[in-house]
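> Sequence first, predicted model second:
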Amino acid sequence: MALTRATDKIIANADGNLNLSGIVTASSFDGSLAASKLTGALPAISGENLTNLPAGLGTALSTVQTSPLNKLYYTDRILSIGSTVTIDHPASATGAYTQYADILVEDNADLIVADGDDLIPDILGLGGNGTTGAGGAGRLLVDNIVNRSGTGAPTLPNGAVVTGVVTATSYQATTFQKTPTNTPAFFAYWNANNSMTIANQTDVKATWLTAEMFDTDNAYNTSNQTFTVPAGKDGVYVFNAGVQMYSNGNSLRSVVIRLRKNGSGTWVASNYSQIMESSENRMRHHQAHLFTMLNLAAGDTIELICYGQVLNNSLYISNDASGVKSNFLSGYKLIF
């Protein structure tokens, strides 16, 4: 339809469309409006009477403005990247984001995030990969991740958390953190080719355990021969202990080794060896061992206590040779 003169009313074409060039002034607008068709300097626009427009971060469930569904929105789950694009937001922005929960990078396409820029999928937190409304719980669905130039590995400045299996052809790192581990762990022993007299039929603390093979958390004190559970290291511990005793008159009758908890008379583990009857006289050396598991809390202490009985002669703690760990106490925390 062509206009030949000014008029107060315009009648549309038979198909219901009105094709105009120039300036259109309207009190309301109903329909699709492509941004590419808006040119020039625009005055302030009120969206009060604009209908059937995308809702920014979602699409209305109804195009009828009076319907409640017009105020409820949806967004598709997957944003497909079919050709190479670069995310390079203005320096003034804190990041680029999308309401799509998953970003799928198709074959032969690249999604490049410029240096210093951030991309946040699922900004509304609706994707089911995190808490609804939390935001930033989206996923990138890709087969390969490389640096921007496509020639090297990407940099992960805050590290990476992997819940599945990592398969690598090689590994190189300046630091490596692996969890969990059987720590704290220690091994204390008597490093001497020697013997020492101890009191007969008396509980004696193993003060001779002053050397260490290892002590991951410095939890064993060689000065007071005590293991202390470090802060935050509560759990179940495995302990092993060994003591070698002898009597110079072949009169060794019994050997007992115990673990004492928190410096009191509370015995939490014990090994008793009855070597001979009191009327006999035939045992000179005996090596006693103890193995146990204990549930300990931070600050709990463990000490090795020995008890021996001889009939008529002296009682000794002995080591066969320097470096031979006949007398020891060791322990480590179990992993569950």
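Happy to help now that I have it. Residues are numbered from 1 along each chain as shown.

> count of neighbours near the closest residue to Ile198 other than its chain neighbours?
Nearest-residue entry for Ile198: Val204, 4.8 Å, with adjacent residues in sequence omitted and distances by Cβ to Cβ, 6 or more residues apart in numbering. For every residue, glycine as well, the C-beta is placed using N, CA and C. The number of residues packed around Val204, counting by other Cβ atoms under 10 Å, is 17.

> cool, Val256 as well?
A total of 20 residues lie near Val256 under the criterion other Cβ under 10 Å.

> just Tyr171 next, same as before
For Tyr171, the neighbour count with other Cβ under 10 Å is 7.

> Show me the domain layout of the protein.
When the chain is parsed into structural domains using automatic domain parsing, the resulting residue ranges are 54-148, 185-333.

> how far away is Glu106 from Thr210?
Note on Glu106: its distance to Thr210, by Cβ to Cβ, to the nearest Å, is 68 Å.

> Spell out the secondary structure type for His286.
Assigned state for His286: strand (three-state reduction, DSSP: H, G, I helix; E, B strand; the rest coil).

> Please name the residues that touch it.
Contact partners of His286, counting by Cβ atoms under 8 Å, 6 or more residues apart in numbering, are 244-246, 252, 255, 273, 275.

> Recalculate using a threshold of 7 Å.
Neighbour list for His286: 245, 252, 255, 273, 275 [criterion: Cβ atoms under 7 Å, 6 or more residues apart in numbering].

> which intervals of the stretch 151-300 of the chain have sub-threshold pLDDT?
Counting by pLDDT under 70, the stretch 151-300 of the chain contains low-confidence ranges at 173-179, 276-282.

> most centrally placed residue in the chain?
The residue lying closest to the centre of the chain (Cα atoms, centre = their mean) is Val161, at 7.0 Å.

> Okay, and the beta partners of Gly221?
Check again: residue 221 is Asn, not Gly. Note on Asn221: beta-bridge partners Thr226, judged by DSSP bridges.

> Would you mind stating the distance between it and Gly299?
The spacing between Asn221 and Gly299, counted by Cβ to Cβ, is 13 Å.

> go on, Asn194?
If you measure Asn194 against Gly299 using Cβ to Cβ, the figure is 34 Å.

> same question, Ala160
Between Ala160 and Gly299 the distance is 35 Å, computed by Cβ to Cβ.

> out of those two, which sits in the more crowded spot?
Here Ala160 and Gly299 are compared on neighbour count by other Cβ under 10 Å; more neighbours surround Gly299, at 12 against 7.

> tell me which element that one is part of?
Under the criterion of DSSP states H and E, Gly299 resides outside all helices and strands.

> Tyr237 contacts Gly331, doesn't it?
Yes: under the criterion of Cβ atoms under 7 Å, Tyr237 makes contact with Gly331 at 5.3 Å.
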